[in-house]
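> Okay, predicted coordinates and the sequence, questions at the end:
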Amino acid sequence: MVPILHEDLRSGNCYKIKLTAALLGLPLETRQYDIMQGETRTPEFLGSVNSHGRIPVLQVGDWFLPESNAACWYLAAGSLLVPQDRFAQAETLRWMFFEQYSHEPNIATLRFWLQFVGEASLTPQQVSQILPKRIAGTDALARMDEHLDGREWFVGSGPTLADIVLYAYTHVAEAGGFPLHDYRHVCAWLDRVACVPKFVTMG
C-alpha cells in the first residue's frame with residue numbers, strides 16, 4: 001500500500017515528508033492543493049482529509065495522519081533515521097519538538113508572509129509580529145549553530161529525522177529575511193544534508 005501525501009509544493013512541512021521517504025527509498029504518491037486558493041478549506045477536504053483544514057496529511061489506506069513530524073516518524077520508524085538508543089531517540093524527538101515550537105513558527109511563517117503573501121498584504125496584527133518572529137527565529141538559528149559546533153549532525157554520527165525536519169525550512173530561511181551566512185556551522189550542515197544519498201530538492 002503506497003502512502004499518499006496531501007501537500008502544497010511550497011510547504012517545507014510537506015517537503016520534509018517527501019525527503020524522508022526519498023532517503024528511505026519509500027514510494028509516495030502525492031495530491032496537490034493550493035493553500036493560497038483555499039483548496040484545503042473546501043467541504044470535501046474538511047470532510048475527507050483533515051477537518052482542521054491543514055496540510056500536510058499522510059494518508060495510509062483509510063487512515064489520515066496530519067502533522068508533518070508525526071508523518072516523518074511513521075515513515076522512518078525502524079530505520080537508521082530513528083536511532084535505536086533510547087537517549088539518542090529522545091534527543092531526536094527533542095530537536096523535532098524544537099523545530100515545531102521554536103523554529104517553524106518563526107522562520108517558516110516569515111518566509112510565507114514575505115515570499116508568498118507579500119508584506120503589503122499583511123494584516124496589522126501580522127505586521128506587528130514580524131519583529132518578534134525575527135528575533136525568535138534568529139535565536140533558533142543561533143542555538144542550532146551553537147549545537148553544530150564540533151558536530152556534523154544533530155544527533156549521533158549520521159543523519160536522523162532531527163536533521164531532516166530542521167533542514168526543510170532552514171535551507172530556505174533567507175526568503176524570510178534570515179541571512180544564513182551568519183551561521184557557518186549551520187551552512188556546513190546544510191551542505192552535508194544535501195549530499196546524503198537519495199536526497200531530493202524541495203518542490
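Perfect, thanks for sending it.
> Name the spans of this protein whose pLDDT lies under the cut-off.
The chain contains no residues with pLDDT under 70.
> Where is the longest helix in it?
helix 124-148 (DSSP state H).
> hang on, residue 119 packs against residue 112?
No. Using C-beta atoms under 8 Å, residue 119 is not in contact with residue 112, being 11.7 Å away. Every C-beta, even on glycine, is put in place using the N, C-alpha and C of the backbone.
> These two - which one has more neighbours?
The neighbour comparison of residue 119 against residue 112 (other C-beta atoms under 10 Å) goes to residue 112, with 18 against 10.
> Tell me which residues touch the more buried one, please.
residue 176 (C-beta atoms under 8 Å, 6 or more residues apart in numbering).
> which SS state does residue 6 fall under?
With DSSP: H, G, I helix; E, B strand; the rest coil as the basis, residue 6 sits in strand.
> For the closest residue in space to it that isn't next to it in sequence, give me its contacts.
Closest residue to residue 6 apart from its sequence neighbours, by C-beta to C-beta, 6 or more residues apart in numbering: residue 57 at 4.3 Å. Counting by C-beta under 8 Å, 6+ apart, residue 57 touches 5, 6, 49, 50, 64, 65, 66, 71.
> cool, and residue 200?
Neighbours of residue 200 in contact, by C-beta under 8 Å, 6+ apart: 18, 19, 22.
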